[in-house]
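Colleague: Okay, sequence plus prediction incoming.
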Amino acid sequence: MPTSEVYPKSPLVLVAVEVRHPDAGPLTDVQQRQLKSLLAPGLPLSRPFLGAPGLVASIGPGSDPQLASIQSPAIPRFMSRDIFTSVTFHRDAVVVETTSYQGHPPLFDLVRQVLRARLEVGPLDGVERVGLRYIDEVRTPGEGAPGAWGLWIDPSLLGPGLLAGRGGLSNDAWQGLATYSGDLAGRAPFDRMSLVLRYGVGDGYAVAPSGDLRRTTPPPGPFFLIDIDSYWSARDVVPVLDLDELEANLKGLHTPARTLFENAITDRLRNEVLRKHDA
Amino acid sequence: MTPDINMSGATAELQLGTPRLEASQHSSTHPSTPLIEDAGFLWRRVQQFNADTQGLHRNTQLHEWNDRALARGKDAPLDLLATLADLGFSWRAIARMLNVSVPAVQKWRQGAKVSGENRRLLANLVGACDLISEHYLVSDVASWFEMPILTEVPITPIDLYATGRYQLLFEYASGHTDTESLLSHLDPDWRESYRSDFEVFRAEDDQLSIRPKD
């Protein structure tokens, strides 16, 4: 059931593409300025990423234990003007993410542009992992009470939630994890892929509304999480990063992820919720 | 398959033949955007732990506020009023936060007797300002109290204080809550209540203009 349809009311709240590579060290100031210039047309805003601060404890004789907060170095990150899309350049990975998904062709084009820019400012020794992650918060209209997910989600994902109704209980939260693997239509070593599906009911949000990227923020409430991480990782060899090959692999990772998502939801959700346009 | 059951004291441990499937066993595609669920399968435990620590934090905040209010209670009511005025509060804002009339505040200022209950209210307010400015490093605390929590939503810390939502006030000051959650605590329908039917856009002449939303 693969499709390229972008639903008007898509439950996708975050899509991330991560290309992991051997440690290339931190980008110099000159490299960062070059990247900013190269990415300016689509990602003109420089917003360095600050990881969560850590704590260091100092303990010694004759003094009370001291806790000090330490902040890890800022990581170069560039964002679109609407703050829906960003690219982060880690020492060992390039991550493109968006909270406003317009389909995979424009996303993969952006990944290509970003990596071309990255390679222009400094070499990468290869590619170790390519991941494509889709995080969906499925929210349903008023009648979709927490116990009524069966109307919207394929029963194969409802697991112990189904038992709740039989016992007169409400299933407040649970999560499941399934892993899959399959063929990837590329030459070795790009011939096998894996996929992790995390799913279950939750309350509030899966992607924090307070994050640096803007996201559509509905009122907090029950949602069904469908979090699909489709990836390839190097096993025996670390191949060269070739942009054409990378794009083909991303397409190869996208197809099973999309098929899985489409099989995870019901036609009713597709037709009555996801395809519904604003009045 | 028969599980081995190891009984050790009060603990029973089941060792099943099939290894447990843990999310952490799998490398993940890591966005920079924080994922609430990514910690994922520990979510419930984390949520419970978070609730416990939040409760502890709230209690600590309230205890500290109480201590500071008690210390401020030793000051004369006129001095407390002068402190609030020096901080930049208007008489109207003070009256609103104490739930008394503006003329009542003006009378206190002119030397009228302040009841014990109102003296305590004054001390509480000054104590809260002390806590927020010293502990949470909020500069110019009076204008902070007047600042809307979210653009286009006319709710300020003054409203939180006046309606007795002290815990939310301190959490907001400390940065331990995000504005959306805070407003949802106050009014679950705030998005609808304060929704604007208009939006700002950049017109053809490159000037900012306003138009009805579609």
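Modeller: Done, it's in.

Colleague: which residues of chain A score low on pLDDT?
Modeller: Where chain A drops to pLDDT under 70, the residues are A:1-3, A:51-72, A:142-147, A:278-279.

Colleague: for chain B, same thing?
Modeller: Scanning chain B for pLDDT under 70 picks out the ranges B:1-27, B:36-60, B:176, B:195-200, B:208, B:210-214.

Colleague: of all of it, which residue lies closest to chain A?
Modeller: With Cβ to the nearest Cβ as the measure, residue B:29 is the residue of chain B nearest to chain A, at 3.0 Å. All C-beta spots, glycine's among them, are computed from the backbone N, C-alpha and C.

Colleague: Now do residue B:33 against residue A:84, distance only.
Modeller: Computed as Cβ to Cβ, to the nearest Å, the residue B:33 to residue A:84 distance reads 11 Å.

Colleague: Please enumerate the shared neighbours of those two.
Modeller: A:99, A:213 (Cβ atoms under 8 Å, 6 or more residues apart in numbering or on different chains).

Colleague: ok, those two, which is more surrounded?
Modeller: Using other Cβ atoms under 10 Å in any protein chain shown, the more surrounded residue of residue B:33 and residue A:84 is residue B:33, with 23 against 17.

Colleague: give the contact list for the residue of chain B closest to chain A.
Modeller: Going by Cβ under 8 Å, 6+ apart, residue B:29 touches A:16, A:17, A:18, A:95, A:131, A:132, A:133, A:229, A:231.

Colleague: Would you mind listing what in the stretch 101-250 of chain A touches chain B?
Modeller: Taking Cβ under 8 Å from any Cβ of the partner chain as the contact definition, the stretch 101-250 of chain A meets chain B at A:129, A:131-133, A:135, A:173, A:175, A:177, A:179, A:194, A:196, A:198, A:202, A:204-213, A:217, A:219-220, A:225, A:227, A:229, A:231, A:233.

Colleague: List only those of those flagged as buried.
Modeller: If you count burial by 16 or more other Cβ atoms under 10 Å in any protein chain shown, the buried members of those come out as A:129, A:131-133, A:135, A:175, A:177, A:194, A:196, A:198, A:202, A:204-209, A:211-213, A:225, A:227, A:229, A:231.

Colleague: Sitting in strands, which of those residues do you find?
Modeller: Of these, the ones assigned to strands by DSSP state E are A:129, A:131-133, A:135, A:175, A:177, A:194, A:196, A:198, A:202, A:204, A:225, A:227, A:229, A:231.

Colleague: burial count for residue A:185?
Modeller: 12.

Colleague: ok, it touching residue A:253?
Modeller: No. With contact defined as Cβ atoms under 8 Å, residue A:185 does not count as touching residue A:253 (10.7 Å).

Colleague: Spit out the contact partners of the closest residue to chain B within the stretch 1-150 of chain A.
Modeller: Residue of the stretch 1-150 of chain A nearest chain B, by Cβ to the nearest Cβ: residue A:131 (3.0 Å). Neighbour list for residue A:131: A:16, A:17, A:18, A:20, A:229, A:230, A:231, A:232, A:253, B:27, B:28, B:29 [criterion: Cβ under 8 Å, 6+ apart].

Colleague: try 6 Å this time
Modeller: With contact taken as Cβ atoms under 6 Å, 6 or more residues apart in numbering or on different chains, residue A:131 is in contact with A:18, A:231, B:29.

Colleague: For the stretch 1-150 of chain A, just list every one of the helices.
Modeller: In the stretch 1-150 of chain A, the helices defined using DSSP state H, counting those that start in this stretch lie at A:29-39, A:104-121.

Colleague: Deepest in the core, which of those is it.
Modeller: Ranked by mean neighbour count, the helices of the stretch 1-150 of chain A are led by helix A:104-121 with a mean of 18 (mean count of other Cβ atoms under 10 Å in any protein chain shown).

Colleague: Can you give the contact residues for stretch B:155-173?
Modeller: B:58, B:61, B:93, B:96-97, B:132, B:136, B:138, B:145-146, B:148-149, B:177, B:182, B:185.

Colleague: Residue A:163: neighbouring residues, count only.
Modeller: By other Cβ under 10 Å, the residues close to residue A:163 number 11.

Colleague: typed the wrong thing, it's residue B:151
Modeller: Residue B:151 has 6 nearby residues by other Cβ under 10 Å.

Colleague: Give me the number of neighbouring residues for residue B:155.
Modeller: Using other Cβ under 10 Å, residue B:155 has 19 other residues around it.

Colleague: ok, it to residue B:169 distance?
Modeller: Relative to residue B:169, residue B:155 is positioned 11 Å away (Cβ to Cβ).

Colleague: Please apply the same query to residue B:72.
Modeller: Distance of residue B:72 to residue B:169, computed by Cβ to Cβ: 17 Å.

Colleague: Can you report how many residues neighbour the spatially closest residue to residue A:175 that is not a sequence neighbour?
Modeller: Leaving aside its sequence neighbours, residue A:175 sits nearest to residue A:200 (Cβ to Cβ, 6 or more residues apart in numbering or on different chains; 3.4 Å). Per other Cβ under 10 Å, the neighbour tally for residue A:200 reads 25.

Colleague: and residue A:200, bridged to which residues?
Modeller: Bridge pairing for residue A:200 (DSSP bridges) gives the partners residue A:175, residue A:225.

Colleague: What are the neighbouring residues in contact with it?
Modeller: Counting by Cβ under 6 Å, 6+ apart, residue A:200 has contacts A:174, A:175, A:176, A:225.
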